[in-house]
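A.B. asks: Turn this into a structure:
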Amino acid sequence: MAMPALPSGLQDWHAAANRACDAGQHAQARECFARAFALAEAEWSADAPAWVPLLNNRAVLAKYAAEFELAETLYRRALAIAGSHAAFGPAELSMLNHNLGGLAHARGDFAAGEPLARRAVGLSRAALGPDHPQSLADEVAWAGLLDGLKRYAESEPIYRRALAAWEARGEMLEVAVCCHNLGALCAALRRWPEADAQYRRALSIKQSCLGTEHLDVGLTLHNLGALCKQRRRLVEARAHLQQALQIFEAGLDPQHPHLRACRQQLAGLSDLEATGNSGPPGIRGPGNLGHADALKDRNSATELATKPGDRTGRRQNRQNRGDRTARTGTVEIRRDS
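C.D. replies: Have a look, this model is predicted:
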């Protein structure tokens, strides 16, 4: 089924909205999307297939801004339309399920997100094969939700299979994502030496590929600092956490939960320093979030809402990891990493 081509004005507003969203210019992106929606409502019926990428991409922006209810409404409308039109195949349906699962992850609703992520994996595997990059990325996202449910015996082999596949492909940033998440898993299971090694490998790759100030680098610094704190390596913990805080403060909205988490870790570290480093390693004390609450990559790093005007977040992730989109007609459905 052929989709109608977007009118040039609508297409221009939609493209401008996506560019502004990538640049962290959220107010401008909202205005561009509003203009695109106004034109679309005048041109299309409510269930026209051309709505799907516009709804999806507006939902991505809503998720960045923590407008979770709006994002879910938009994603579900897009999925309902896509499911009723032959223009959309398994690859596109996989992306929509992936995005809904990622939204549930962002809300901390792992039980709701896990079936969506699992469905995305099944669709991408069926359409593209198990070793396609989209299938691998869907598997890593699914594993992140399994981690949230503490189903580590299921998530670990997914991470390790994806890690081997990305290594074979030479996709080093994807290797770093898997190492970061394996580090969080190993820390949650108190396999601390491997957690440390995985985090340090992830950090080295990210700093080499992205520079030292990238938000993804901040995620791994945060988790490595939290791990050092658990192991009572307090001087090193403070150095990593302070660096993570500086990165987050430069690139995130002041109310972003990652900033809050990092400040809580530093507060807990100060408590440990004040009490003379008392207590055995791994005991959760004041301000210690514990590594079950470690910040995850893929479902976390690339959903960071950047400050207006900041150009170091989503755009750089897309350039360096590859912009996974599905094209249907003349428009694209954007995968929310």
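A.B. asks: how would you label residue 254: helix, strand or coil?
C.D. replies: Classification of residue 254 by DSSP: H, G, I helix; E, B strand; the rest coil places it in coil.
A.B. asks: shift numbering so it begins at 861
C.D. replies: Let's use 861 as the start, then, which means that last one is residue 1114.
A.B. asks: tally of neighbours for it?
C.D. replies: Look at residue 1114: counted by other CB atoms under 10 Å, it has 9 neighbours. Quick note: C-beta positions are derived from backbone N, CA and C, even for glycine.
A.B. asks: show me where the stretch 1061-1197 of the chain has helices.
C.D. replies: Applying DSSP state H, counting those that start in this stretch to the stretch 1061-1197 of the chain gives helices spanning 1075-1090, 1094-1111, 1117-1134, 1174-1181.
A.B. asks: any idea which of these is most buried?
C.D. replies: helix 1075-1090 (a mean of 27; mean count of other CB atoms under 10 Å).
A.B. asks: out of the helices of the stretch 1061-1197 of the chain, nearest to residue 963?
C.D. replies: Closest to residue 963 of those is helix 1117-1134 (CB to CB; 14.6 Å).
A.B. asks: How far does the closest one sit from its chain's centre?
C.D. replies: Averaging C-alpha positions (CA atoms, centre = their mean, to the nearest Å) puts helix 1117-1134 23 Å from its chain's average.
A.B. asks: before we move on, back to that, show me the one of the helices of the stretch 1061-1197 of the chain that comes nearest residue 914.
C.D. replies: Smallest distance to residue 914 across those (CB to CB): 18.3 Å, for helix 1174-1181.
A.B. asks: can you tell me the distance between the two ends of stretch 905-918?
C.D. replies: Length of stretch 905-918, first residue to last, CA to CA, to the nearest Å: 18 Å.
A.B. asks: Lowest average pLDDT across the helices of the stretch 1061-1197 of the chain?
C.D. replies: For the helices of the stretch 1061-1197 of the chain, mean pLDDT drops lowest on helix 1174-1181, to a mean of 38.
A.B. asks: Can you add distance to residue 1004 and give the helices of the stretch 1061-1197 of the chain back as a markdown table?
C.D. replies: Formatted as a markdown table, the helices of the stretch 1061-1197 of the chain follow (distance: least, CB to CB, whole Å):
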| stretch | distance to residue 1004 |
| --- | --- |
| helix 1075-1090 | 13 |
| helix 1094-1111 | 19 |
| helix 1117-1134 | 15 |
| helix 1174-1181 | 15 |
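A.B. asks: and of the ones you listed, who's closest to residue 874?
C.D. replies: Comparing the helices of the stretch 1061-1197 of the chain by CB to CB, helix 1174-1181 comes nearest, at 16.5 Å.
A.B. asks: Per-residue pLDDT of the residue of the chain most remote from its centre, please?
C.D. replies: In the chain, counting by CA atoms, centre = their mean, residue 1136 sits farthest out from the average C-alpha position, at 37.2 Å. On pLDDT, residue 1136 comes in at 72.
A.B. asks: thinking again about what came up before, specify the stretch among the helices of the stretch 1061-1197 of the chain that is closest to residue 885.
C.D. replies: With CB to CB as the criterion, residue 885 lies closest to helix 1174-1181 of those, at 10.4 Å.
A.B. asks: what about the helices of the stretch 1061-1197 of the chain, which gets the closest to residue 987?
C.D. replies: Proximity to residue 987 (CB to CB) singles out helix 1174-1181 among these, at 20.3 Å.
A.B. asks: follow-up on the earlier one: out of the helices of the stretch 1061-1197 of the chain, nearest to residue 938?
C.D. replies: In terms of CB to CB, the element of these nearest to residue 938 is helix 1174-1181, at 19.4 Å.
A.B. asks: ok, the closest residue to residue 1060 other than its chain neighbours to residue 1047 distance?
C.D. replies: What sits nearest to residue 1060 in space, not counting adjacent residues and going by CB to CB, 6 or more residues apart in numbering, is residue 1084, at 7.0 Å. Separation of residue 1084 from residue 1047 (CB to CB, to the nearest Å): 10 Å.
A.B. asks: same question, residue 1104
C.D. replies: Distance of residue 1104 to residue 1047, computed by CB to CB: 15 Å.
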